[in-house]
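**Q** What follows is a predicted protein model with its sequence.
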Amino acid sequence: MSEITTYTGKLFDPTNPNIDGIDIVDIAHALSLLCRGNGHVKHFYSVGQHSISCYREAKARNYSKKVQLACLFHDGSEAYLSDITRPVKPKLPEYLIIEDKLQNIIWQKFIKEPLSEKDLKQVFAIDDDILSYEFEHLMPKQISDNYKNLLTKPDLSFVNPALVKKEFLDIVEKELKIK
């Protein structure tokens, strides 16, 4: 079987993604239940919380709406693939191809226009800055002082996954006018 069954009951093939099969509810639900750091954090902190923090940071930096949404959805592929830790990913070239294809389709579905190199640099700089903050506060050691670049202070407390899912969907509804 090459398909997964999503939260909303869809059959979805993450290795051959169909844009029509991508569902915002599936993304918000799954990301609210996936733990950052492969679970090696002081307490449960979801990928959904991380994504919302990235969105808020892009907003605080007055980046374009396109970049703000790209930040919110930058880990969207994890809703369908889960995640592989950063040290392992480069050793799995086929996974990287699958992840990249799926991530680009998610951005295409919700952002509607391609991301430029500048846009991508802004998204991944925020991702790295937030990661640095997460390591500083949720992990046993610091990886960098990139967190000093942040204009916001991400909430790293435990938040009920249902509330994270609701907030994620509220942002999408507000920004994209979809439910």
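**A** Right, received. Where do you want to start? These figures come from a predicted structure and were not determined experimentally.
**Q** could you say what helices and strands the helix or strand where residue 48 lies packs with?
**A** Using DSSP states H and E, residue 48 sits in helix 47-60. With contacts taken as 3 or more CB pairs under 8 Å, 6 or more residues apart in numbering; DSSP states H and E, helix 47-60 sits against helix 24-33, helix 65-73, helix 117-138, helix 161-176. Glycine gets a C-beta too; all of them are placed from N, C-alpha and C.
**Q** Pull out the buried residues from that helix.
**A** Across helix 47-60, burial judged by 16 or more other CB atoms under 10 Å covers 47-59.
**Q** what's the closest of those to residue 7?
**A** residue 48 (12.8 Å; CB to CB).
**Q** contacting residues around the closest one?
**A** The neighbours of residue 48, taking CB atoms under 8 Å, 6 or more residues apart in numbering as the test, are 28, 31, 32, 33, 34, 161, 164, 165, 167, 168.
**Q** Tell me the spacing between the first one and residue 66.
**A** Using CB to CB, to the nearest Å, residue 28 is found at 20 Å from residue 66.
**Q** Show me which of these two is the more surrounded one.
**A** Neighbours around residue 28 and residue 66, counted as other CB atoms under 10 Å, are more numerous at residue 28. The numbers are 26 against 19.
**Q** was I right about the more buried one contacting residue 173?
**A** No: Residue 28 is beyond contact range of residue 173, at 10.5 Å (criterion: CB atoms under 8 Å).
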